[in-house]
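>>> how does the following fold in three dimensions:
(chains A and B)
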Amino acid sequence: MKAPRGTRDILPPDSCLWNKVEGKIREKYRIYNYQEIKTPIFEETELFVRGVGGTTDIVEKEMYTFQDKGGRSITLRPEGTAPVVRAYIEHKLYGKSQPLKLYYFGPMFRYERPQAWRYRQHYQTGVEVMGGDSPFIDAEVILLGIEILKEFNLQNWVLHLNSIGCSQCRADYKNELIEFLKDKPLCRDCESRLERNPLRVLDCKEGNCQKLLEGVPLVTDHICQECGDHFRKVQEILSVCGLDFRLDPFLVRGLDYYTRTAFEVKTKDLGAQDTIFGGGRYDGLSEEIGGPRAPGMGFGLGMERLLLAMKQEGQERGIKSYLDAYVVAVGDKQLLQGWNTLREVRKAGFSADMDLMGRSLKSQMKGANRSGARYALIIGEEEAEEGFLQVRDMSSGEQDKVQKEDLVKYLAWGKEEQGK
RNA sequence: GUGGGUGUAGCUCAGGUGGUUAGAGCGCAGGAUUGUGGCUCCUGAGGCCGUGGGUUCAAGUCCCAUCACUCACCCCA
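The predicted structure is shown next:
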């Protein structure tokens, strides 16, 4: 038996790294005053069809959809925004003080061909700010995401920024775009894009299409007055924050609900999957799925990609777990004493372990070494009889005789020293 | 869904043109005058050679299929 295609197990010590990274991100959210929302891992299929958009790749070919025993069409969530907005409407959260600032962590599911750091079950964290369309919100969301990258000392990233306008001005732009492209010899993919989602033609990588795009009308030149003002304001605030960004008029996002601000943070560390996190504004989504008018703004950040970028830049190393002590007991009688010492040390709050296999002293010392423990607590016949332990500092090799009753104090002192 | 590459020990990989008991390094277990880890040395365990079929006297090696992994496209986290 194997894990299904496109899924994988996260084993120690990776799992430990994941938890630490998640903890640090949570702390950032706390500082920015975002609160957690947990939504179901599956939803009614209709939510994504209407929210994400019926002609998007996600809905057309990437959803894990099935019928439950009651005959309902259920879909494993492919993204985090639509469920949050659904919950916002369902629980009338627009009645709370706005804007409402939420975050989430959890697995997302997309049925697609696995590739480097692209999984059928992958993990995202993200934020959604509901009930406000101030450009300051856009800036805060982007800034918060960047703060997370900085928290992990990542360097090789670039913020791409664009505005795709509101539903009104984008519709006008679309027509103009179609007009410009319709008689050009585009590639096969773009032919169909032109019908389904003309904006997508803009980021085609085909060399020929790239050439044909010369002189193409740009969204940013065609958005309405309000959208333009909004976009300029967002840029202004980001600049004030000292944040560099690259205006990218070809940046188009693949989900239908986006309006106005769209952004992606890309890195060279990831190969073809170069987006660590991305998002934008979605002022029409709430109404689209049957709620009141409620503008929103958010991002989704790929945990796997964050972790990979950290590995590429060597930033995952500082994050390690330590064991305070490893008990080494030699001889049958001493084994039980060692066991009791282990319990005592753990009770005092120190992380500790011992060899439970009754191995030789030498083997136990190897175990202590491998465990990465700061101290080995050695109990032999003499120690057991006289009521003390040999406390060996595993990095220096220095060894102290410590009376049993002083052990906890000694360990506490050692930990304090280490902290300095 | 489309195209390329790869599947041999826990991991990284060797195994010309088919030929008898499938190897190395690392890791793991034990040991090197019976109380001390890391370095060194010795010994050992561990392999339906991804799976199924075919060609052949004979297949890890050749052919087909299939699955998985991987890279790219599409699209995204």
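
>>> going forward, measure contacts and count neighbours with C-alpha atoms only.
Will do.

>>> and the residue nearest in space to the middle of chain A, what does it touch?
Nearest to the geometric centre of chain A sits A:M303, at 3.2 Å (CA atoms, centre = their mean). By CA atoms under 8 Å, 6 or more residues apart in numbering, the contact list for A:M303 reads A:H122, A:Y123, A:Q124, A:T125.

>>> assumed A:G367 was part of a helix.
Yes - under DSSP: H, G, I helix; E, B strand; the rest coil, A:G367 falls within a helix.

>>> and it, how far from RNA strand B?
7 Å (CA to the nearest atom of the strand, to the nearest Å).

>>> from A:F263, how far off is the closest residue to RNA strand B within the stretch 201-350 of chain A?
RNA strand B sits closest to A:G254 of the stretch 201-350 of chain A, with a gap of 1.6 Å, by CA to the nearest atom of the strand. Counting by CA to CA, to the nearest Å, the separation of A:G254 from A:F263 is 12 Å.

>>> tell me the residues that contact both of those two, please.
In contact with both A:G254 and A:F263: no residue, using CA under 8 Å, 6+ apart.

>>> looking at those two now, which is surrounded by more residues?
A:F263 (24 against 16; other CA atoms under 10 Å).

>>> quick one: secondary structure of the more buried one?
When classified by three-state DSSP, A:F263 comes out as strand.

>>> my guess is it contacts A:G278, does it?
Yes - counting by CA atoms under 8 Å, A:F263 does reach A:G278; the two are 5.5 Å apart.

>>> which residues does the helix-or-strand element of chain A with minimal mean pLDDT contact?
Lowest by mean pLDDT, DSSP states H and E among the helices and strands of chain A is helix A:207-212, with a mean of 74. Applying CA under 8 Å, 6+ apart, the external contacts of helix A:207-212 come out as A:K184, A:L186, A:C187, A:C204.

>>> same question, stretch A:67-79
A:41-45, A:58, A:62-66, A:83, A:108-110.

>>> buried ones in that stretch?
For stretch A:67-79, the neighbour count (16 or more other CA atoms under 10 Å) marks A:I74, A:T75, A:L76, A:R77, A:P78, A:E79 as buried.

>>> what of stretch A:167-187?
In terms of neighbour count (16+ other CA under 10 Å), stretch A:167-187 has its buried residues at A:S167, A:C169, A:R170, A:Y173, A:K174, A:E176, A:L177, A:L181, A:L186.

>>> quick check: pLDDT value at the fifth one.
Looking back up the chat, that one is A:K174. We have a pLDDT of 83 for A:K174.

>>> what is the neighbour count of the residue nearest to it when sequence neighbours are not counted?
Of all residues not flanking A:K174 in the chain, A:P198 sits nearest, at 6.7 Å (CA to CA, 6 or more residues apart in numbering). Residues lying near A:P198 (other CA under 10 Å) number 18.

>>> per-residue confidence at A:P198?
Taking A:P198 on its own, its pLDDT is 80.

>>> one step back: what is the nearest of the buried residues of stretch A:67-79 to RNA strand B?
Proximity of those to RNA strand B (CA to the nearest atom of the strand) peaks at A:E79, which lies at 6.6 Å.

>>> now, which of the contacts of helix A:207-212 lie close to RNA strand B?
Residues of the contacts of helix A:207-212 in contact with RNA strand B (CA under 7 Å from any atom of the strand): A:C204.

>>> which one among the contacts of helix A:207-212 gets closest to A:K24?
Nearest to A:K24 among the contacts of helix A:207-212 is A:C204, at 36.5 Å by CA to CA.

>>> tally of neighbours for that closest one?
Counted with other CA under 10 Å, the neighbours of A:C204 add up to 18.

>>> hmm, it is touching A:C190, no?
Yes - shown here, A:C204 and A:C190 form a contact pair, counting by CA under 8 Å, at 7.4 Å.

>>> great, nothing more from me.
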